[in-house]
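Chemist: Coordinates for the following, if possible.
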Amino acid sequence: MTRLRTLAVLVALIVPIDAAAQSAVDLLALGNAAYPARRQKEALDYFSRAIAADPTNYEALWKASRSEIDLAEIASGRTRDALLAAGQQHAEAAVRARPGGVEGHFSVARAAGRPAAQVAEETTRTAALFFGLESTP
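Modeler: Okay, the predicted model is just below:
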């Protein structure tokens with residue numbers, strides 16, 4: 001019986017707690033740990049789960065937006081567009097959740113600025129090709 005109890009304790013310590021059953025605060029903590037470790041997709045997953053647990057959680061909303069925009073910067077095509085759209089939606093939801101929150105407004109601007117920067121880069125490349133100039137990366 002003692003061996004069985006010891007085994008149960010060891011299993012409980014080794015097997016992680018199901019993230020779906022955790023609170024938004026717990027999920028935010030996991031996302032906050034993943035983000036600086038450059039595990040962007042993992043961080044976004046935790047922030048998204050925190051939003052599912054608490055749809056008006058300001059911190060989860062703006063941090064999900066930040067992660068989506070970060071991932072969009074290295075993505076292309078439809079994936080990039082989908083990440084930017086999601087980032088914009090989460091940023092706007094963050095502003096609705098806390099109108100005075102700086103991070104939410106910054107995320108809105110950042111999400112809107114990425115497509116504008118991409119258009120400017122594409123226009124520069126097109127003009128360089130048209131005029132026979134070399135485009136700089």
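Chemist: is it true that residue 104 touches residue 90?
Modeler: No - Residue 104 lies out of contact with residue 90 (CB atoms under 8 Å); the separation is 9.0 Å. C-beta: built from backbone N, CA, C; applies to glycine.
Chemist: So what does residue 43 look like in phi/psi?
Modeler: The phi/psi pair for residue 43 (degrees, to the nearest 10) reads phi -60, psi -50.
Chemist: Count the neighbours of it for me.
Modeler: Close neighbours of residue 43, defined as other CB atoms under 10 Å, add up to 24.
Chemist: so where do the helices sit in this protein?
Modeler: Counting by DSSP state H, the chain has these helices, from start to end: 2-14, 24-34, 40-53, 58-74, 77-97, 102-130.
Chemist: got any ranges where this structure has weak pLDDT?
Modeler: For the chain, residues meeting the criterion pLDDT under 70 lie at 1-21, 114-137.
Chemist: hmm, try it at 90
Modeler: Within the chain, the stretches with pLDDT under 90 are 1-22, 73-77, 111-137.
Chemist: Out of the helices of the chain, which one sits most buried?
Modeler: Among those, helix 58-74 has the highest mean neighbour count (mean count of other CB atoms under 10 Å), at a mean of 23.
Chemist: Can you tell me what sits against it?
Modeler: Helix 58-74 is contacted by residues 24, 27-28, 31-32, 35, 40-41, 43-44, 47-48, 50-51, 54, 79-80, 83-84, 86-88, 90-91, 93-94, 97-98, 101, 103-104, 106-107, 110-111, 114 when judged by CB atoms under 8 Å, 6 or more residues apart in numbering.
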